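The following comprises the amino acid sequence and a computationally predicted model.
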Amino acid sequence: MILVSKTYLSRANSPFKATDLEALLQTCRANNTTVNVTGALLHHNQYFLQLIEGEEQQVGHIYRRIEQDPRHEILSILFEDEISARFFPDWSMGYREAETIHSDALNRILESAKMAGERFPISDFLLMFGNED
Ligand SMILES: Cc1cc2nc3c(=O)[nH]c(=O)nc-3n(C[C@H](O)[C@H](O)[C@H](O)COP(=O)(O)O)c2cc1C
């Protein structure tokens, strides 16, 4: 079995209300659990950063669903690779608002995003989730 991880950045065409986010998370968690895809979702204003991971075919299946959602205005893959173990084995879809993440971690993400042509450092993404409040 080949395990892969995919991380993308997206801008929604309009802001998500709290109720939209709740509904989105419910759908994500239900769909992802069915195919044993795990991951994490970060939200700020109209922006989403999401990591999905799991068996290659299932990740492809979920990603196609995601990219077909008409609420994405722009969507760009930052990182995609084979992994030896899951980063979020216990989360069907972990969720954070960017405001709750330590500013050092967020700054590192922003710096990383500016490094055109370089690989997105997944360790920074993971760091954000460890640095809540
Ligand atoms: C920011 C964002 C993240 C999403 N993440 C997931 C996801 O992890 N899993 C998933 O199945 N769909 C995800 N979607 C896709 C939508 O929820 C999509 O509308 C839904 O999967 C369609 O499901 P349905 O065919 O059961 O209505 C995401 C959409 C957006 C905008």
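That came in fine, so what should we check first? All values derive from a computational prediction rather than experimental measurement.

Which parts of this structure are helices?
Secondary structure of the chain by DSSP state H: the helices cover 18-34, 56-68, 103-114, 122-130.

what's across from the nearest residue to Ile77 once chain neighbours are set aside in the sheet?
Of all residues not flanking Ile77 in the chain, Tyr8 sits nearest, at 4.8 Å (Cβ to Cβ, 6 or more residues apart in numbering). No exception for glycine: its C-beta is placed from N, CA and C like everyone else's. When bridges are called by DSSP bridges, Tyr8 pairs up with Gln50, Ile77.

residue contacts, Tyr8?
In this structure, Tyr8 makes contact with 49-50, 63, 66, 75-78, judged by Cβ atoms under 8 Å, 6 or more residues apart in numbering.

same deal with Lys6?
Contacts here follow Cβ under 8 Å, 6+ apart; on that basis Lys6 touches 51-53, 59, 63, 77, 79-80.
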